[in-house]
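**Student:** quick one, structure for this:
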Amino acid sequence: MKPFTDEDVEIYIQTKVERRHYLVSKAVEEVQKIIQQLTVEISYKATRFQAISNSGIHNENIKDQPALLAKWSAMLRGKRPFHPSIQVLAPSQFLITVPLRGLSGYRECQLRHWRYYTVHGAKLLSSVRDPEELHQWLEVEQFSKSLQQWHETDVNIEGDLVPAKVLIVFREMVEKSIISCNLSSKVTVLESFSSVVRVAVETSESQVEVELVPAVEIPTCWPEKARWPRCLKRWPSQEKVQCIKSLGFDLLARSNYHWQLCFSRAEHILMEGLDEDGGCRMKCFRVMRQMKEDVWCAGNKPVITAYHLQTVLFWTCEKYPRTKDWRCFPEAFLRLVQKLHKCVSQHFLKHYFVKNTNLLKYANTSDLDLVASKLAVFLENPVFCLD
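**Tutor:** Okay, the predicted model is just below:
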């Protein structure tokens, strides 16, 4: 069979990619409405949590910082619609961050000390392991302003804000609020082997699994662990780098002891204006994402998510920064797929901002090998599935 043509690409985009965009946008809108109702109720019951509509520029923790609000408003003006709390990992798998209230004025902790407690507060003879590169401890004293509730023992052990304890409180609020909002027919809390909070949300088209993640939004500084940009890189521009780093980062409660660094605002700005030079980067990404969902890694809980593909795109943009590298779609697309194939085959994909982190470290290797074999078949005979 012949490699794909421009006509093949356009047909694929019209029949598959645009249909996906419509369905996912509709699901995002429905899920957002339901989770907004749920988190508004949670915020009434527990002041430490905010509604998801308060994410980003609307966060109550920065309402007394007019200069920061003005800067963010200027940066986001004219951009495509952005739901700062919602990540679409797959059409039926979302991650939604729930902003926490009453923690502001963050500063990095310089001193290292050992912890000898379990998440339930019992004493340990040996210390808890250090956080991995994409994670960190979080002490309440790292904030110049903090609500008294963050000092209480239901979330705090020896001055540390403990994600597992925050998640226990949050899960209880989710379960109570589903009932008080009469959402039992639309939202179901899923069983989990860890402390994370997952719910199934019924939409008009399908069921979406949503991980609800309490998040400390830190818009005032860039973390020391994210040593970015790397020296002598031409992409992104210095102007965009400064813009991105001024948006800060978030800390997510997704594990027992350590908070996970998250750069969703930075990643959104990177994706914005990708093709201001007339290139085809976003087109390549959208087609690759569709092929991943149709052929290479389908299913409700794929081992490779849209986030992995976005990371592959960032690394490829950095390696090939010139406009001419993104003029010819077939060449650019195959280069992107080759990068994905290399990462999946080697079970290794570096986080874009914290490069010592392997995003595939805990992925099922058999699943990765299956995806790698499908990618290899495509690269040998690059044709699109139009069925």
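
**Student:** contacts, neighbours, all on C-alpha from now
**Tutor:** OK.

**Student:** the helices in the stretch 201-350 of the chain, which residues?
**Tutor:** 238-245, 264-271, 281-291, 306-319, 329-346 (DSSP state H, counting those that start in this stretch).

**Student:** any chance of CSV for the ones you listed, columns distance to His151?
**Tutor:** As requested, the helices of the stretch 201-350 of the chain are arranged in CSV below (distance: least, Cα to Cα, whole Å):
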stretch, distance to His151
helix 238-245, 30
helix 264-271, 28
helix 281-291, 44
helix 306-319, 34
helix 329-346, 43
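
**Student:** quick one: closest of these to Lys374.
**Tutor:** helix 329-346 (9.1 Å; Cα to Cα).

**Student:** and the closest one, how far out from the chain middle?
**Tutor:** 22 Å (Cα atoms, centre = their mean, to the nearest Å).

**Student:** mind listing residues that contact it?
**Tutor:** Defining contact as Cα atoms under 8 Å, 6 or more residues apart in numbering, one finds that helix 329-346 is touched by 4, 280-281, 284, 288, 309, 312-313, 316, 325-326, 349, 368-369, 371-372, 375-376, 379.

**Student:** re the thing from before, figure out which of the helices of the stretch 201-350 of the chain is closest to Glu175.
**Tutor:** Per Cα to Cα, nearest to Glu175 of the helices of the stretch 201-350 of the chain: helix 264-271, 27.0 Å.

**Student:** if you count contacts, what does the longest strand along the chain end up packed against?
**Tutor:** Taking DSSP state E as the assignment, the strand of the chain that covers the most residues is strand 207-218. If contacts are counted by 3 or more Cα pairs under 8 Å, 6 or more residues apart in numbering; DSSP states H and E, strand 207-218 sits against strand 93-99, strand 103-106, helix 163-180, strand 197-202, strand 249-252.

**Student:** cutoff 6 Å now
**Tutor:** strand 93-99, strand 197-202, strand 249-252 (3 or more Cα pairs under 6 Å, 6 or more residues apart in numbering; DSSP states H and E).

**Student:** Tyr352 belongs to a strand, doesn't it?
**Tutor:** No - Tyr352 sits outside any strand when classified using DSSP: H, G, I helix; E, B strand; the rest coil, being coil.

**Student:** how many neighbours does the residue nearest to it when sequence neighbours are not counted have?
**Tutor:** Nearest residue to Tyr352 in three dimensions, chain neighbours excluded: Thr311, at 6.1 Å (Cα to Cα, 6 or more residues apart in numbering). Neighbour count for Thr311, taken as other Cα atoms under 10 Å: 19.

**Student:** still on that earlier bit, which among the contacts of helix 329-346 count as buried?
**Tutor:** When the contacts of helix 329-346 are checked for burial by 16 or more other Cα atoms under 10 Å, the buried set is 280-281, 284, 288, 309, 312-313, 316, 325-326, 349, 368-369, 371-372, 375-376, 379.

**Student:** thought Val216 was touching Phe249?
**Tutor:** No - the pair Val216 / Phe249 is not scored as a contact, 8.8 Å apart, by Cα atoms under 6 Å.

**Student:** pLDDT below threshold where in the stretch 51-200 of the chain?
**Tutor:** 57-82 (pLDDT under 70).
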